[in-house]
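Colleague: Structure here, sequence nowhere to be found:
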């Protein structure tokens, strides 16, 4: 059992998501930084789809009501266990009664905290993820909540992994982008403008999408577009001309044209971008 002494700005339960329900309007959801999520589970010997905690920025304090193995990945910041400094990207034993304090992130935006066995909350449509757009899944974690941890019976031993690469951005982030289905709705200069300038992450960004500020992209077709299906990574362009990069809680349909789509392998990096940081798009090929 884990008691949440301080839930910080936003703490959510997330797993690998609930894909396959777009036809009924349900977003895929799941951990935004899929790489850090996978690393956190692997470090403590969990199954790949075990639920973890996704922490926004921090600080967060967790109290162990039973002995635990925990791992913290994703954003970079100070971590202590029982008042002692603890490493990131390592499986760490936590004794009953000890506090795990995760400080404000110094690099990146989202931490992932895995407990051996996985966070045990009731699944909804096959997933334990919190969907901030539709409200499906468990409610955001609050200070004072007590979270159950599933049994570790049948799991492999904690693997001896000493180091993992970080996916957090440092400086100007580069995201690969493929042409989208409505590129022909934009002026020829728009694609060059998308790739030819750095974009700034807006404070109005969230798990639904990153709003990006920069020189607006010029439309060639100004007709209304009937709503059509969207995917994670789509770059939808509203009338302002400034793109929105859809993340895991994005709506399943949209009425603004999609000029491009970010490569799936680069979405973990996008998930760690903070308001005010800059990103540059790089043209890619299939």
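Modeller: Received, thanks. This is a predicted model, so every value here is computed, not measured.

Colleague: Am I right that residue 39 is in a helix?
Modeller: Yes. Note on residue 39: a helix contains this position according to DSSP: H, G, I helix; E, B strand; the rest coil.

Colleague: residue closest to the middle of the chain?
Modeller: Within the chain, the residue whose C-alpha comes closest to the C-alpha centroid is residue 32; the distance, by CA atoms, centre = their mean, is 1.9 Å.

Colleague: What strand or helix carries the spatially closest residue to residue 243 that is not a sequence neighbour?
Modeller: Using CB to CB, 6 or more residues apart in numbering and skipping residues adjacent in sequence, the residue nearest residue 243 is residue 235, 4.5 Å away. C-beta here means a position set from N, CA and C on the backbone, and glycine is covered the same way. Residue 235 is part of strand 234-236, with elements assigned from DSSP states H and E.

Colleague: Regarding residue 113, what is its secondary structure?
Modeller: strand.

Colleague: My read is that it contacts residue 69, right?
Modeller: No. Residue 113 is not in contact with residue 69 according to CB atoms under 8 Å; the separation is 11.4 Å.

Colleague: Neighbour count for these two, which is higher?
Modeller: Regarding residue 113 and residue 69, a neighbour count based on other CB atoms under 10 Å identifies residue 113 as having more, with 22 against 19.

Colleague: Burial check on the residue lying closest to that one once chain neighbours are set aside, number of neighbours?
Modeller: If you skip the residues right next to it in sequence, residue 113 has residue 53 as its closest partner in space, 4.3 Å away by CB to CB, 6+ apart. Other residues near residue 53 number 26, with proximity taken as other CB under 10 Å.

Colleague: Now do residue 53 against residue 159, distance only.
Modeller: Distance of residue 53 to residue 159, computed by CB to CB, to the nearest Å: 20 Å.
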